[in-house]
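Q: here you go, sequence then predicted model.
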Amino acid sequence: YPTLLDGLHEREIKGSQDILPAYDYIIVGGGTSGLVIGNRLSEDTGSAVLVIEYGYLDNNPSQIEPSSSSGGAWPRKDLYNLTSVPMIGLGNRTSGVYAAAVVGGGSTINGMMFDRGAAEDYDNWEKLGNPGWGWKGLLPYFKKSTTFDPPDAAVANEYNITYDASYYGTTGPIHASFPSYYWPGAKIQWQAFNDLGIPSNKEGAASGGGSGVYWNTDAMTGDKRQRSYARSGYYDPITSRKNFNLLTGYRVNEVQFSANLHADNITMIARDSPAGSNVTTVKANKEIILCAGWLHTPQILQRSGIGPKAVLNAANVTVLVDLPGVGANFQDHMGSRIAYQYNTDAQPNPQSFKTNSTFNQSSIEQWKQRKGPLSLGNGNTVAKIGLPHITPTNYTSIITRLLSQTTQYLPSIYTNTTKAGWLAQRDLIAANYGGLSSAVVEIPFSGGSSASMGLEKPLSRGSITLSPSNIYAEPILDYGTLTNPVDLDIMISVFKFARRWYAAQTALSTVEVTPGVAVTSDEGLGDAVKESAFPSEAHGCCTAALMPKELGGVVCPELTVYGVSGLSVGDISVLPMVPGSHTCSTVYAVAEKAADLIKARHRTVYRP
Ligand SMILES: Cc1cc2nc3c(=O)[nH]c(=O)nc-3n(C[C@H](O)[C@H](O)[C@H](O)COP(=O)(O)OP(=O)(O)OC[C@H]3O[C@@H](n4cnc5c(N)ncnc54)[C@H](O)[C@@H]3O)c2cc1C
């Protein structure tokens, strides 16, 4: 392997000075989960660990500022470049896609919102046949991955910021903290939720609580107010480990199997090389762990011969394991927007940066001490609301409509097992709809006059499949947004709720801009939902799900892939159902648990 070693050396970022011809563990993808698992497995100095990442390190200092969390700032160079297929639920529009391509993955570029789903969301996972994967089983890993930094005392006093630090860890690699500023209008918006009967939750981001308004934390250090992410938490501290290598700028093509279907090797190429040229093979002595994210983990599995038979046949890939769940069960949070104007807005407000130069200048001065409005990223006040709060008079009929459905709205690649999986999920969601222990919608607010409303428990499902004409091109991505009519019913109710919420903000003199007060019928509101809809809050997931095989699962509770040995998945693909939250803190917890499972199964047993 001397030539191989030389070639790899040039691209080695840090760690051991020697790339080995074989490693104990090969982790595919150095994103959020890949760096967590790479860190934990290399704690054992006797295990050689290689992480292979398509992207590069982003050393731009602005990427660790809170301002990098705003949607407009997400750097294109750190994202894959692909477009969805036309979305039939959204008038055949296509959409861009949020999938990170950088060391640290989504955690390097994301909106830094750092919350967890409701306990009920994770308990659903366990009920789908996954012992140990409920809220109780995951809480130790949520804690292990975090350190809580309390808010500045003066700001906490002024805004009555509440929290419960006992739900966080004290020494975990990722910091959960608060900005040092809030827009005063957020107080009025918060009160308006309370006026509509939505309670304030003392700790909403981390306690697994249900319908309520709460203070959200950011993935940010509490002192310097810098992005706290997989690279800073899990990679930078271990670059001197001799048994850990991170290789950047390489794309893993396939996993290769021995005759008894044991995963032996990965093949890879430098990312800008033409497909098929200079393919390098690296062997894994113990295990290959796929952490390439919701978009590429199913693609790598399918390219390797594991996936729905029809999809593999269409792409001329030899079928090793016919596993219909690979690339099915695709979920994301869709959302829609409603626009208002405040005629008597609170001062200052988010527009003040532009309209008030004194305010703007003082914000810049305060930021030199890491304080003030520039410490605010996406805003940290959030309402997550259950269906009975959204539509007290109509939620039972929505449940009845849902339970009368069969599988008629699922994409065509779904088979008997993946359909059975959706039916099991349908029943859990229907039960959740009837209570207030989890949310169907998220409305983040921070003083701005318009609102984005995210659907937290989508019923519509999409798919990720190999491109039949070129298996190395980006896969075919169908979001499936609003293909299930109950999702649309709920979003119509959410628009009606939002109007009640704005009406309760009397001090701000609210005026509806779009869809406009003339739109009152359900049909008109449905059109408004679709017109302003976006298919993704960048929370794609669930495409190699943790579920029994009979329900379309791809991995078992040990996270190993059905039908083969030596291969597991440790990223967001394994989620059976998207939790009602932003997804990053869940990925940290899942990856921490994955690392423990992997370590446990390879622990040497000494027999005297
Ligand atoms: C723009 C954006 C905004 C977001 N905002 C928030 C937010 O505010 N709060 C929140 O909680 N969550 C947010 N998320 C979601 C969250 O960041 C992700 O859910 C999480 O990071 C997913 O982790 P992962 O390890 O599964 O995948 P990723 O972190 O995406 O890592 C996958 C890695 O695998 C690499 N890879 C893929 N294919 C290959 C291959 N063939 N060979 C080698 N490497 C490969 C990719 O380059 C990538 O780095 C956001 C995500 C994005 C993209």
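A: All right, it came through fine.
Q: please make it C-alpha for all contacts and neighbour counts, starting now.
A: Fine.
Q: against which helices or strands is the helix or strand where residue 246 lies packed?
A: Element membership of residue 246 [criterion: DSSP states H and E] is strand 244-248. Under the contact criterion of 3 or more Cα pairs under 8 Å, 6 or more residues apart in numbering; DSSP states H and E, strand 244-248 touches helix 2-11, strand 12-15, strand 49-53.
Q: switch to 7 Å and redo it
A: Contact partners of strand 244-248 among helices and strands, from 3 or more Cα pairs under 7 Å, 6 or more residues apart in numbering; DSSP states H and E: strand 12-15, strand 49-53.
Q: ranking those by mean pLDDT, which is last?
A: For those, the weakest mean pLDDT is recorded on strand 12-15, namely a mean of 46.
Q: how about the very next helix or strand once past that one, does it reach the ligand?
A: Using DSSP H and E, the next helix or strand after strand 12-15 towards the C-terminus is strand 22-28. Yes. For strand 22-28, a contact with the ligand is found by Cα under 6 Å from any ligand atom, at residue 28.
Q: export strand 22-28 as PDB, just CAs?
A: Only the C-alpha atoms of strand 22-28 are listed here, as PDB (Å, rounded to 0.1, in the frame of the first residue of the first chain):
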ATOM      1  CA  ALA A  22      -6.900  -1.200   7.500                       C
ATOM      2  CA  TYR A  23      -8.700   0.300  10.500                       C
ATOM      3  CA  ASP A  24     -10.700  -1.300  13.300                       C
ATOM      4  CA  TYR A  25     -13.500   1.200  12.600                       C
ATOM      5  CA  ILE A  26     -14.300   3.200   9.400                       C
ATOM      6  CA  ILE A  27     -16.900   5.900   9.800                       C
ATOM      7  CA  VAL A  28     -18.400   7.200   6.600                       C
END
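Q: off-centre distance for that strand?
A: Its chain's C-alpha centre and that of strand 22-28 lie 25 Å apart, by Cα atoms, centre = their mean, to the nearest Å.
Q: secondary structure class of residue 285, three-state.
A: Here residue 285 is recorded as strand under DSSP: H, G, I helix; E, B strand; the rest coil.
Q: how about it: what's its closest non-neighbour residue?
A: Sequence neighbours aside, residue 24 is the residue nearest to residue 285 in space, at 4.5 Å (criterion: Cα to Cα, 6 or more residues apart in numbering).
Q: what about stretch 311-320, distance to the chain center?
A: 29 Å.
Q: pull out the buried residues from that stretch.
A: 311, 312, 315, 317, 319, 320 (16 or more other Cα atoms under 10 Å).
Q: check stretch 401-416 too.
A: For stretch 401-416, a neighbour-count test (16+ other Cα under 10 Å) marks 402, 410, 411, 413, 414, 415 as buried.
Q: so the residue nearest to residue 285 makes contact with residue 47?
A: Yes. Counting by Cα atoms under 7 Å, residue 47 is a contact partner of residue 24 at 5.8 Å.
Q: strands of the stretch 451-600 of the chain, residue ranges please.
A: With DSSP state E, counting those that start in this stretch, the ranges of strands along the stretch 451-600 of the chain come out as 451-455, 463-465, 476-478, 510-514, 567-569.
Q: hmm, the second one touching the ligand?
A: No. Counting by Cα under 6 Å from any ligand atom, the ligand has no neighbours in strand 463-465; the shortest distance is 13.4 Å.
Q: direction included, what does that strand pair up with?
A: Taking DSSP bridges as the criterion, strand 463-465 forms sheet pairs with strand 476-478 (antiparallel).
Q: what sits up against the strand it pairs with?
A: If you take Cα atoms under 7 Å, 6 or more residues apart in numbering as the criterion, strand 476-478 is touched by 84, 85, 462, 463, 464, 465, 466, 467.
Q: what of stretch 320-335?
A: 298, 305-309, 414-415, 418, 452-456, 458, 461-465, 481, 533-537, 539-544, 552-554, 563, 578.
Q: the residue nearest to residue 350 when sequence neighbours are not counted: neighbouring residues, count only.
A: In space, and not counting its chain neighbours, residue 350 is closest to residue 448: 6.2 Å by Cα to Cα, 6+ apart. Neighbourhood size, residue 448 [other Cα atoms under 10 Å]: 21.
Q: and residue 276, how many neighbours?
A: 11.
Q: where does it land on pLDDT?
A: On the pLDDT scale, residue 276 is placed at 78.
Q: so what's it closest to, chain neighbours aside?
A: Residue 276 sits nearest to residue 269 (Cα to Cα, 6+ apart), 7.9 Å away.
Q: the one you found reaches residue 281, doesn't it?
A: No. Taking contacts as Cα under 7 Å, residue 269 lies outside contact range of residue 281: 9.0 Å.
Q: all helices of the stretch 51-200 of the chain, in order?
A: For the stretch 51-200 of the chain, the helices defined by DSSP state H, counting those that start in this stretch cover 106-109, 119-127, 135-144, 153-159, 185-195.
Q: most tightly surrounded among the ones you listed?
A: Of the helices of the stretch 51-200 of the chain, the one with the most neighbours on average (mean count of other Cα atoms under 10 Å) is helix 106-109, at a mean of 27.
Q: with that, I have no additional questions.
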